[in-house]
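*Asks:* Below are the sequence and a predicted model for it; my questions follow.
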Amino acid sequence: MTLRIGCIADDFTGGTDVAAAFRRAGLRTALVFGTPDTTIALPDDCDAAVIALKSRSTPADEAVADSLAAQRWLWTKGAAQIYVKYCSTFDSTPKGNIGPVTDALMETAGSSVTLHCPASPPNGRTVYQGHLFVHDQLLSDSPLRHHPLNPMTDSALVRLLSAQTRHAVALIDWVTVREGVEAVREALVAHRHAGVRHVIADALTDDDLAVLGAAALELPVVAGAAGLAEGLGHAYPGTGPAAAEPLPRAGRAAVLAGSCSARTLEQIAQFYAAGLPSRHLDVLAAATGRDVTGEALAWYDEQDPDLPVLIYASASPEELAAVQAQLGVAEAAAQVEELLGTLASHLVERGVRRLLVAGGETSGAVTTALGVRAVLVGAEADPGVPWTYATTEAGDLALMLKSGNFGAPDLFTRALPSTAEEAT
Ligand SMILES: Nc1ncnc2c1ncn2[C@@H]1O[C@H](COP(=O)(O)OP(=O)(O)O)[C@@H](O)[C@H]1O
Ligand SMILES: O=C(O)[C@@H](O)C(=O)COP(=O)(O)O
């Protein structure tokens, strides 16, 4: 098996997002969680493999080391091109990690120029004159300016990336992108001759990203969000729509939510409003030693097995601030991850076979607890939110890992219909 493309994603849900993009482009795609070792085997006939790391907010030297290890592994599988997947809101700080990781991967690949574009039009992220927009707002006016780890207070991508690399950064503007593949290729060559290493491109639509993907096909390293990955995927010869995999239907369905993002809170409210069973986890009580997991499992055992259930730690901004003030941010997060990871293992042991997880960090905790290292990527329920298929010690599992802000408000109820609804 030889991969057409290998991808390194800087978080787990970013990994599912980009894997879904490759699949949309017709590539049979595998997703691996964490730096792979020799025990990880890819399914046969994969065209693309995504390694999802937790390198978005780690110290830059760790992110570089993990990414280089992932690159080495992807090379052993034959990947000729490496795609660096970061967040469509360019989540990073002046210390990194987008600049240092991309520089290191380019250096080992012997590459002198790369193309970047964080646009992801289905999720409202576009780039114009090198400025990143989130729907109708500049990134720096959007809620991302309040991000707890990397507040995005600037929208100018050339300036943001210049702070993270000692190499020159420049822009290919939208007018050039609209001129087509040859114009972009020529601009890339001109920038390379001028000593520019990182070229950021404007993109407003998927068509723009298709142009960029075709122009970047020969570059050893390309970087951006899921949109450019799809553009690249479409540019590979002989790719076409992938067949949908069947969703395992036998077994119960559950949602575990640890994201406190506005969209996840809406999805929780919608699930509750539909009259479906949901239970909130008391994080403060867990921190005092109460058996919150045991109580939640006893509650689960009493529910109608034909209905999906929701168990969540997710909290409103006020509630979150109160818990964090009492426990500290790290301890609060550790409590939540321990609760949701343990619950995931117990639920799968009890027969849950469709599991939707809301939140990037939360998804990391759940996959780790379940011992899931590699999955095959299936159909999307919403843009960037695919079903994936895993094998666990307890049996086969359909797993949906959702980035906090992704998915329509009715995602939970739509993705996990009750057994009676499915039968109709
Ligand atoms: N009730 C709560 N109290 C304190 N922290 C919480 C609570 N619920 C969730 N968290 C924390 O909020 C963070 C949510 O992050 P994550 O799962 O990555 O979601 P997103 O994708 O929305 O960023 C996690 O670190 C989680 O531990
Ligand atoms: O590119 C994107 O927007 C997503 O794939 C992503 O990385 C979102 O980040 P989290 O919400 O932290 O999962």
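*Replies:* Yes, it's here. Ligands and ions are numbered 1, 2, ... in the order given.
*Asks:* how about the residues of the chain near ligand 2?
*Replies:* 11, 13-14, 17, 87-89, 120, 225-226, 360, 384, 403-405 (CB under 6 Å from any ligand atom). For the C-beta atoms, the positions are set from N, CA and C on the backbone; glycine is no exception.
*Asks:* Name the residues of stretch 116-132 that are buried.
*Replies:* Using 16 or more other CB atoms under 10 Å as the test for burial, stretch 116-132 gives 116-123, 125-127, 130-132.
*Asks:* quick one: which of those residues sit in strands?
*Replies:* Those of the buried residues of stretch 116-132 mapping onto strands are 116-117, 125-127, 131-132, per DSSP state E.
*Asks:* of all the residues you listed, which comes closest to residue 250?
*Replies:* Minimum distance to residue 250 across those is 38.0 Å, recorded for residue 125 (CB to CB).
*Asks:* What number of residues are in the vicinity of residue 360?
*Replies:* Neighbours of residue 360 under the rule other CB atoms under 10 Å: 28.
*Asks:* who touches it in this structure?
*Replies:* 11-14, 259, 403-404 (CB atoms under 8 Å, 6 or more residues apart in numbering).
*Asks:* Could you provide those residues in a markdown table, with additional columns for secondary structure and distance to ligand 1?
*Replies:* A markdown table is the format used below for the contacts of residue 360 (DSSP: H, G, I helix; E, B strand; the rest coil; distance: CB to the nearest ligand atom, whole Å):
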| residue | secondary structure | distance to ligand 1 |
| --- | --- | --- |
| 11 | coil | 8 |
| 12 | helix | 9 |
| 13 | helix | 6 |
| 14 | helix | 10 |
| 259 | coil | 3 |
| 403 | coil | 5 |
| 404 | coil | 2 |
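*Asks:* how about those, which pair is most distant?
*Replies:* Within the contacts of residue 360, 14 and 259 form the most distant pair, 13.7 Å apart (CB to CB).
*Asks:* so what sits against both of those two?
*Replies:* Common neighbours of residue 14 and residue 259 (CB under 8 Å, 6+ apart) are 360, 403.
*Asks:* about what we covered before: out of the ones in strands among the buried residues of stretch 116-132, which one sits closest to ligand 2?
*Replies:* Distance to ligand 2, by CB to the nearest ligand atom, is smallest for residue 125 among those, at 6.8 Å.
*Asks:* How about the contacts made by the closest one?
*Replies:* Contacts of residue 125 (CB under 8 Å, 6+ apart): 88-89, 118-119, 132-134, 225, 227.
*Asks:* Likewise for residue 292?
*Replies:* Contact analysis of residue 292 by CB under 8 Å, 6+ apart lists 281-283, 285-286, 339.
*Asks:* which parts of stretch 299-317 are buried?
*Replies:* 300, 303, 307-315.
*Asks:* could I have the helix or strand harbouring residue 357 exported to CSV, CA atoms only?
*Replies:* Here residue 357 is covered by strand 352-358, with elements defined by DSSP states H and E. The C-alpha trace of strand 352-358 is given here as CSV (Å, rounded to 0.1, in the frame of the first residue of the first chain):
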residue,chain,number,x,y,z
VAL,A,352,-23.1,1.4,23.3
ARG,A,353,-22.1,1.0,19.6
ARG,A,354,-22.7,4.5,18.3
LEU,A,355,-20.9,7.2,20.3
LEU,A,356,-20.8,10.9,19.6
VAL,A,357,-18.2,12.9,21.5
ALA,A,358,-18.3,16.7,21.6
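*Asks:* hmm, who's touching it?
*Replies:* 247-248, 250-259, 264, 267, 308, 312, 314, 340, 344, 347-348, 363, 366, 395-402, 404, 411-412, 415-416.
*Asks:* Just the strands from the stretch 201-350 of the chain, written as ranges.
*Replies:* Listed in chain order, the strands of the stretch 201-350 of the chain (DSSP state E, counting those that start in this stretch) span 221-224, 252-257, 278-280, 309-312.
*Asks:* ok now the first one, how far from the chain's centre?
*Replies:* Right, the one you point to is strand 221-224. How far strand 221-224 lies from its chain's middle: 15 Å, per CA atoms, centre = their mean, to the nearest Å.
*Asks:* so how many other residues sit close to residue 273?
*Replies:* If we define neighbours as other CB under 10 Å, then residue 273 has 11 of them.
*Asks:* tell me the pLDDT at it?
*Replies:* Note for residue 273: predicted pLDDT of 97.
*Asks:* How about residue 144?
*Replies:* pLDDT at residue 144 comes out at 79.
*Asks:* Could you check how far the closest residue to it other than its chain neighbours is from ligand 1?
*Replies:* Nearest non-adjacent residue to residue 144, counting by CB to CB, 6 or more residues apart in numbering: residue 152, 4.3 Å away. Look at residue 152 and ligand 1: by CB to the nearest ligand atom, to the nearest Å, they are 14 Å apart.
*Asks:* Hmm, residue 152 is touching residue 138, no?
*Replies:* No - in this structure, residue 152 is not within contact of residue 138 by CB atoms under 8 Å, at 9.6 Å.
*Asks:* The stretch 151-300 of the chain against ligand 1: which residues are in contact?
*Replies:* So the stretch 151-300 of the chain meets ligand 1 at 258-261, 264, 283 (CB under 6 Å from any ligand atom).
*Asks:* Let me see the contact set for residue 110.
*Replies:* Here residue 110 is in contact with residue 220 (CB under 8 Å, 6+ apart).
*Asks:* Contact partners for residue 115?
*Replies:* 172, 188, 199, 201, 212, 215-216, 219, 222-224, 228.
*Asks:* What segments of the stretch 301-424 of the chain are helices?
*Replies:* Along the stretch 301-424 of the chain, counting by DSSP state H, counting those that start in this stretch, helices occupy 317-327, 329-349, 360-370, 411-415, 419-423.
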